[in-house]
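Asks: got a sequence here, can you model it:
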Amino acid sequence: MITIKNKVAIERMYYAGQVLADLFHTLPSIIKAGMNTGALDAWIENYLKERGIVSETKGYRGYQHASCISVNDEVVHGIPRKDKIIREGDLIKIDICGSWKDYCADAARSYIVGSEKKKEVQQLIDVAQKALDRGIEKAQVGNRLGDISAAIQHEIEQHGYAVVRDFAGHGIGKHMHEDPEILNYGKVGQGPLLRSGMAFALEPMLVMGNHEVVIADDGWTVKTKDKSLAAHVEDTIVLTEQGPRILTRKNGES
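Replies: Okay, the predicted model is just below:
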């Protein structure tokens, strides 16, 4: 069942989302070549705690970290480690879900480490962002869930990339994962009718090569089977009669 959020729930999610937005704006100045992902996760956890945000990933099904940090061919759910060193030119994806007064916001961003950014890697990130934006545009009251999925898929595939099909976006609210599952591929006009007060975490996952993925021996990290690069971005939104409200971006941020 897709729950409808009231004003109190939405404002709590908004506060959590704005903390995440601020965090992601700060991260480019924090991420450095030579840093390990364990140290980066520790910095993120401290940032959240100082602002009263509870990590929703730490303790989830035994997961022990405040963020997921995935590098290069890792798509999502990368486990931060002290022996995982970030290198110049790495494509790094950071996914964080935090809650404030029991209501969650979930977001992810992709970054290229260092000042030298390969054009093809930046393009992959740019298309991921465009796909997310196209999905958000379709999150309109009266549309169908499949309209969001189809818009994301079209944007990704028209640029020659592949949609990761084994993982998806989701509803969000009191819990990190709620109904519905929001695939990054689909057909226009299909799925549940969208209503005001629904809250979604939309998260395109796309790869340069084949869409097939494997799970690493750690039981969490999802990697491309062909070792091609992957990008991942995510925002939490709530549907309103005036259009989708993005909770995890600052006002005016595109």
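Asks: helices of the chain, residue ranges please.
Replies: Taking DSSP state H, the helices of the chain run over residues 7-30, 37-50, 119-137, 145-157.
Asks: nearest to Ile94, out of those?
Replies: Ile94 lies closest, by Cβ to Cβ, to one member of those: helix 7-30, at 6.6 Å. To be clear about C-beta, it is placed using only N, CA and C from the backbone, and glycine gets the same treatment.
Asks: report all helices and strands that that closest one contacts.
Replies: Contacts defined by 3 or more Cβ pairs under 8 Å, 6 or more residues apart in numbering; DSSP states H and E place helix 7-30 against helix 37-50, strand 91-100, strand 103-112, strand 199-202, strand 235-240.
Asks: tell me the contacts of the closest residue to Ile172 other than its chain neighbours?
Replies: Take Ile172 and drop its neighbours on the chain: the residue closest to it by Cβ to Cβ, 6 or more residues apart in numbering is Ala201, 4.6 Å away. Applying Cβ atoms under 8 Å, 6 or more residues apart in numbering to Ala201 gives the contacts Asp106, Ala107, Gly169, His170, Gly171, Ile172, Ile182, Glu234, Asp235, Thr236, Ile237.
Asks: beta partners of Ala201?
Replies: Listed beta-bridge partners, Ala201: His170, Thr236 (assigned using DSSP bridges).
Asks: distance of it from Gly38?
Replies: Ala201 is 25 Å from Gly38, where distance means Cβ to Cβ, to the nearest Å.
Asks: surely Val164 and Gly209 touch.
Replies: No: the criterion here is Cβ atoms under 8 Å, and Val164 misses it with Gly209 at 11.0 Å.
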